[in-house]
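1. Sequence and predicted structure below; questions after.
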Amino acid sequence: MAGTAAAAGAAGLAALCRRRGEADIAGCTALVTGGSRGLGLLIARELGRRGCRVLVAARGADALDAAVADLRGEGVDARGLVCDLARDAEVTALAARIRDEYGGVDVLVNNAGVIRVGPAAAMSEDDVAQALDTMFWGPFRLTRALLPGLRERRGRVVTITSIGGRISVPHLLPYSCAKFAQVALSRGLDAETAGSGVRFTTVVPGLMRTGSHLGIEVTGSPRAEYTWFAAAAGMPVLSMDAERAARAIVAAALRGRRHLVLTPAARAALIADGISPGLVQAALRTTARLLPHGQSPAVRTGAQARRQTGVFLRALTRLNDRAARRFNQVPAQRGGAGGAGGPRGREG
């Protein structure tokens, strides 16, 4: 009797801890966009380790196959779905396939992104449109299509935005515009679905070592733009280990947190902006003056620009280079330099 009572007590305590802590998602289905590499792959891996069946969506079939093999090698029940979120028809088809084949999802992670680095003068309207299509319209359409099922399942929507969605970063104008819109989308839907059972988590990361510096696109002065971006993205004090970030994101979502800011630097920047936005804007203006001012129409991937750099920069990016190899960050080399309509820099 004593043993039975102790077991019952332990089970009750465990249940209470789950209610107060993280939700149990074993047996649930999660969809992670941009899940073939970088942060998306790590989030998919973390969800899978917690017992989720994971659907990863991405544009490139080869990278997607590699990601699914990686996840299955970790014991994750993973499936790959090819979809370009910038294309409305493909988003519609993805949502329909998920409903028909999987009955919907319990967790949706909006993670896909594109990054083009350079001065505003070197950017085209197409650059802005591509960023908005991938990071605003794609998540908007996909979330809206899956929302009825998420309501039925009392599901979770996690949107990976950026510090660039709260403070517009020089030489990342299309990215920042799209991320500002994404923050508004996530927080707005959270407010308007109150009482529906769906929980929205808006994640605002600072710099993370995901290896995405090799997949970005750089223009204006490609080598110089890559240099400052890669150096900042791989700096230990400024950037965060991507695996730790993925664990924090999943834990926050399962605890029902509405808002998560990652990295001390990002928190400090948001606090400063809240106290004195004029001072922060002055700092941004100074930063912009220090950045390259080239207006060449040439576009290079980070991997292509890296070949023109020296040993010193490669020493600074060592941790991020290692992350690129570990997290399936395959450089977008096929198709050459590309133009405004060429292969896009990927965030992950």
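-> Yep, that arrived. This structure is a prediction, so every number in the text was calculated from the model and none was measured.
2. Convert the C-alpha atoms of stretch 220-238 to CSV, please.
-> Written as CSV, here are the backbone C-alpha positions of stretch 220-238 (Å, rounded to 0.1, in the frame of the first residue of the first chain):
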residue,chain,number,x,y,z
GLY,A,220,27.4,46.9,-52.9
SER,A,221,31.0,45.9,-51.8
PRO,A,222,30.6,42.1,-51.4
ARG,A,223,33.9,41.4,-49.7
ALA,A,224,33.7,44.3,-47.3
GLU,A,225,30.0,43.6,-46.4
TYR,A,226,30.8,39.9,-45.8
THR,A,227,33.7,40.9,-43.6
TRP,A,228,31.7,42.9,-41.1
PHE,A,229,28.7,40.6,-41.1
ALA,A,230,30.8,37.4,-40.6
ALA,A,231,33.0,38.9,-37.9
ALA,A,232,30.0,40.0,-35.9
ALA,A,233,28.0,36.8,-36.4
GLY,A,234,30.8,34.6,-35.1
MET,A,235,32.0,36.7,-32.2
PRO,A,236,31.5,34.7,-28.9
VAL,A,237,30.6,37.8,-26.8
LEU,A,238,28.0,39.1,-29.3
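3. what's in contact with that stretch?
-> By Cβ atoms under 8 Å, 6 or more residues apart in numbering, the residues outside stretch 220-238 that reach it are 117-119, 121-122, 171, 206-209, 212-213, 216, 218-219, 239, 263, 265, 291-296, 298-300, 302, 304-306, 308-309, 313, 316-321. Yep, even glycine has a C-beta here, placed from its N, CA and C like the rest.
4. Show me which of the residues you listed are buried.
-> Buried members of these, scored by 16 or more other Cβ atoms under 10 Å, are 117-119, 122, 171, 206-209, 212-213, 216, 218-219, 239, 263, 265, 291-292, 294, 299-300, 302, 304-306, 309, 313, 316-317, 319-321.
5. Please flag which of those sit within strands.
-> Counted as lying in strands by DSSP state E, out of the buried ones among the contacts of stretch 220-238, are V117, M208, R209, V218, T219, V299, R300.
6. Could you check how far the closest residue in space to the last one that isn't next to it in sequence is from R116?
-> In other words, R300. Nearest non-adjacent residue to R300, counting by Cβ to Cβ, 6 or more residues apart in numbering: P222, 4.1 Å away. According to Cβ to Cβ, to the nearest Å, P222 stands 11 Å off from R116.
7. and if you look at L71?
-> Going from L71 to R116 by Cβ to Cβ gives 29 Å.
8. Tell me which residues are up against whatever helix or strand F140 lives in.
-> Taking DSSP states H and E as the criterion, F140 maps to helix 138-153. With Cβ under 8 Å, 6+ apart as the contact definition, helix 138-153 has outside contacts at 28, 31, 33, 85-86, 88, 91-92, 94-96, 98-99, 103-106, 108, 110, 112, 155-157, 159, 182, 185, 189, 193, 196-198.
9. buried stuff in that helix?
-> In helix 138-153, counting by 16+ other Cβ under 10 Å, buried: G138, P139, F140, R141, L142, T143, A145, L146, L147, G149, L150, R153.
10. pLDDT and distance to G165 for these - can I get that in a markdown table?
-> Formatted as a markdown table, the buried residues of helix 138-153 follow (pLDDT from 0 to 100; distance: Cβ to Cβ, whole Å):
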| residue | pLDDT | distance to G165 |
| --- | --- | --- |
| G138 | 97 | 15 |
| P139 | 97 | 12 |
| F140 | 98 | 14 |
| R141 | 97 | 19 |
| L142 | 98 | 18 |
| T143 | 98 | 16 |
| A145 | 97 | 23 |
| L146 | 97 | 22 |
| L147 | 97 | 21 |
| G149 | 96 | 26 |
| L150 | 97 | 22 |
| R153 | 95 | 27 |
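11. quick one: which of these is nearest D77?
-> Using Cβ to Cβ, R153 is the member of the buried residues of helix 138-153 that sits closest to D77, with 17.5 Å.
12. How much space separates the closest one from T33?
-> R153 sits 18 Å away from T33, going by Cβ to Cβ.
13. Check D62 too.
-> Plainly put, D62 is 17 Å away from T33 if you go by Cβ to Cβ.
14. higher neighbour count, the two?
-> Neighbour totals were compared for D62 and T33, and T33 leads with 27 against 11 (other Cβ atoms under 10 Å).
15. Just give the closest residue to the more buried one, not the sequence neighbours.
-> Leaving aside its sequence neighbours, T33 sits nearest to A112 (Cβ to Cβ, 6+ apart; 4.1 Å).
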